[in-house]
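Asks: next one to model:
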Amino acid sequence: MPQTTQPAIPSFVYDSSRQSALTTGPDTLTTAYSQNNPAAYSKIFDNSKTLYSVFMGSMVVDGSSGYGSFEPNAIMNINIPITANTTYDYNNPQRSAVYDAPQISSESTSKGITYAELDFDPILIHSIVLKKNDSLTAQNYKDLLQAAEANIISLYKSDATKDNSTDPVTITKITPKETPGTWNITYNYDGVTKNIQGTTTDKSSISAQNFTINYGADWNSRKFDGLTAHTDSNGKTVSPLSSGVTLSIKLNGKDVNSVDTTNSGAVYDVTYTIPGGAPTTIKVTVGQRNNTPNNNISANNNSNNNSNNTNNSWNPDGSTGLPNYAAVKGSAVYATKRIYMYRSANFKKSQRTATYPKAKRVNRPMFVVLGYAKSNGGALRYKVRDVNHGKKTDGKIGYISANPKYVVNVYYKTMPKDNKITVVNKKGIHAYKHVNLTGQVKTFKKGTHLTVKSFEKHNLTTRYKLSNGTYITANKKLVIQGNY
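Replies: Numbering: from 1, shown residues only. As a prediction, this is how the structure comes out:
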């Protein structure tokens, strides 16, 4: 046989990065081999992909395993890369031969191999097997969670045995993405992780952040201080943030009715829940007695990516550092003059994200206060969310001035002079039986003069109580103190 130069024959090499010992009868196979030709196989395994062990048996000749002889000048071609049978159901692996012919083919001038195949025996190992590996859809968060749990077909341990005991609930986690109605679905099992996407028709969502409450403070007036965002089923911002929100509280894993603000140093788990959306849990810490907490906040959703050495996490309590004019976190404010929204508390023209021109009273831009920050020069800023529904800026988060010459509370905090107010909303306002503005009894047109008996707080808003005992809003965009 004349000597000729042959191309290099690909070989399989050991790769310890994915070693996993499998015992098959008396023998042990380590499935950590890959083809060393970079054009065919990669030695770098993708941990996010399902790993299969493949046993390769001897060549199959004429339907049975055996060797074949070659005549002079016979040719055998090996197709690289070798692939397993695409019709095999890898979601339900069986220890049976899988053929994908012809993986090896031959030609002979006289006799010898007439055809050849490779014998594969694939076993799924250390894996999470899913029905759907790309995405899931559902009506709401609860339905999506159930679908995600039902999406798990089987779990395989590192020794290639099937796990029939692990509850899918314990390895499934769903977290909201930035866009309402979109979710990350994560499966974590025994060191193996799989991620797929989820979508829901209901776009309800809620976000919150840890906070510290002063020793001896009123818990009921502070219980929603952790809320930072709330969208309804259509993805629109809900105001106030606490609307429709329920909460549950745990201390050391046990259910409690409320946060005891005299239990200094205690850390409570507070869970906020809304219909249709995912619950979110935060930590509430009770401050030390006779000691002012700094209330530094670690937010789940931080929109500021350019700190410029600004103290953007400065967040003092209303009684320990904020000027008297400052709006309470979670309450609504509006701009009385032209203002801008910025990325950070150091106001630079290059960091403006929105412009709000001066507008008539009923059209003034409105925001919900999420927190506080100080510029390098010490100026107080509000971290806010834009709640101007129907505007392109709706939902934006950033920093605006807290100067009362430019930004003030939306709701009146005082009684009007001579107890007189005037309706300014062009659609009028309603009067209600109850302070939460339920039980509508009457409508007052624009320009109507009303006599106020008292005003009452309701959550982070205020109401005026009329002389007939009914309640109306104290929103400055809807009413004005005095006769006009």
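Asks: doesn't Y382 make contact with A402?
Replies: Yes: using C-beta atoms under 8 Å, A402 is in contact with Y382, at 4.9 Å. In this view, the C-beta of every residue, glycine as well, is placed from N, C-alpha and C.
Asks: so what's in contact with those two at the same time?
Replies: Counting by C-beta atoms under 8 Å, 6 or more residues apart in numbering, the shared contacts of A402 and Y382 are A327, Y372.
Asks: for I400, name its beta-bridge partners.
Replies: Residues in a beta bridge with I400, per DSSP bridges, are Y382.
Asks: show me the shaky parts of this structure.
Replies: Along the chain, segments meeting pLDDT under 70 span 1-126, 159-160, 289-321.
Asks: show me how it divides into domains.
Replies: Listed domain ranges for the chain are 12-124, 128-200, 205-286, 332-409, 417-481 (source: automatic domain parsing).
Asks: want to throw those into TSV with mean neighbour count?
Replies: Formatted as TSV, the domains of the chain follow (neighbours: other C-beta atoms under 10 Å):
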stretch	mean neighbour count
domain 12-124	14
domain 128-200	16
domain 205-286	18
domain 332-409	18
domain 417-481	16
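Asks: got JSON lines for those domains, with distance to P323 too?
Replies: Formatted as JSON lines, the entries for the domains of the chain read as follows, by distance: least, C-beta to C-beta, whole Å:
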{"stretch": "domain 12-124", "distance to P323": "52"}
{"stretch": "domain 128-200", "distance to P323": "33"}
{"stretch": "domain 205-286", "distance to P323": "17"}
{"stretch": "domain 332-409", "distance to P323": "7"}
{"stretch": "domain 417-481", "distance to P323": "18"}
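Asks: figure out which of these is closest to N324.
Replies: Taking C-beta to C-beta, domain 332-409 is the member of the domains of the chain nearest to N324, at 9.7 Å.
Asks: so what would you say the end-to-end distance of the closest one is?
Replies: One end of domain 332-409 to the other measures 6 Å (C-alpha to C-alpha, to the nearest Å).
Asks: over to stretch 272-287?
Replies: Start-to-end, stretch 272-287 (C-alpha to C-alpha) is 21 Å.
Asks: what secondary structure does T355 sit in?
Replies: The three-state label given to T355 by DSSP: H, G, I helix; E, B strand; the rest coil is strand.
Asks: OK, contacts around the closest residue to it other than its chain neighbours?
Replies: Sequence neighbours aside, Y340 is the residue nearest to T355 in space, at 5.6 Å (criterion: C-beta to C-beta, 6 or more residues apart in numbering). Y340 makes contact with F347, R352, A354, T355, Y356, I400, according to C-beta under 8 Å, 6+ apart.
Asks: 10 Å instead?
Replies: F347, K349, Q351, R352, T353, A354, T355, Y356, G398, Y399, I400, S401 (C-beta atoms under 10 Å, 6 or more residues apart in numbering).
Asks: which elements pack onto the stretch of helix or strand I421 belongs to?
Replies: Per DSSP states H and E, I421 falls inside strand 420-423. Packing partners of strand 420-423 (3 or more C-beta pairs under 10 Å, 6 or more residues apart in numbering; DSSP states H and E): strand 440-444, strand 449-458, strand 479-481.
Asks: give me the residues contacting that strand.
Replies: Contact with strand 420-423 is made by 412, 415-416, 429, 443-452, 464, 466, 472, 474, 478-484, as judged by C-beta under 10 Å, 6+ apart.
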